[in-house]
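> Test case, fold it:
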Amino acid sequence: MEFRKMRRFRQQLSKPECDHILSNATSGTLAVLGDNGYPYAVPISHVYADDKLYFHSAITGHKVDAIRQCDKASFCVIAADDVHPSEFTTYFKSVIAFGRIHIIETEGERLHAARLLGERFNPGDADGLKKELNRFFSHMLLLRMDIEHISGKEAIELRKKRKPLE
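This next block holds a predicted model:
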């Protein structure tokens, strides 16, 4: 599939920069095709590992229904949003990942995703994670987004001030 090229290519972030943002952010906005063809965007915590995004969810709801109907999704993370009123601009940095989102079905992959999430948000507490998984794992829906395209962009003012990560 061909994805649109960024119009303001000088502001484009490299793949390593996008990876860095996705790896360090703790949440973003997941967008799916919701009811009656309306976009449905929801803030959600994530883990980025092995070029994939992992999420957890309630077993039912608008997001899950949408994913079951259409697996195409996008996920946006804002890493900087610094308003500069005197310049009439915002110094921003963001990443959008496009791909296919799946409900993880196999027990092994479900456990892998749950552990990634648990370790990301409660590092160093293996006993606590084990207890939490024992209590809630059977009631947890785990999602994996296979990324097909990543696009990152930053304000031109930020681009001029630094050298990109390579």
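> Relative to the helix or strand harbouring residue 42, what are the paired strands and their orientations?
Assigned by DSSP states H and E, residue 42 belongs to strand 39-45. Strand pairing for strand 39-45, using DSSP bridges, gives strand 27-33 (antiparallel).
> As a check, name the ranges of all strands in this structure.
Assigned by DSSP state E, the strands in the chain fall at 27-33, 39-45, 47-49, 52-57, 72-84, 89-103, 141-154.
> So which bits of the first one are buried?
The neighbour-count check on strand 27-33 (16 or more other Cβ atoms under 10 Å) flags 28, 30-33 as buried. Any C-beta I mention is one placed from the backbone N, CA and C, and that applies to glycine too.
> Return the distance of that strand from the chain's centre.
For strand 27-33, the distance from its own C-alpha centre to the chain's C-alpha centre is 7 Å (Cα atoms, centre = their mean, to the nearest Å).
> ok, residues contacting it?
39-46, 55, 63, 66-67, 69-70, 72-78, 101 (Cβ atoms under 8 Å, 6 or more residues apart in numbering).
> now that strand against strand 89-103, angle please.
60 degrees (axes from the mean of the first three to the mean of the last three Cα atoms, to 10 degrees).
> how much space between the residue located most distally from the centre of the chain and residue 93?
When distances to the mean C-alpha position of the chain are computed (Cα atoms, centre = their mean), the maximum falls on residue 86, with 32.0 Å. According to Cβ to Cβ, to the nearest Å, residue 86 and residue 93 sit 20 Å apart.
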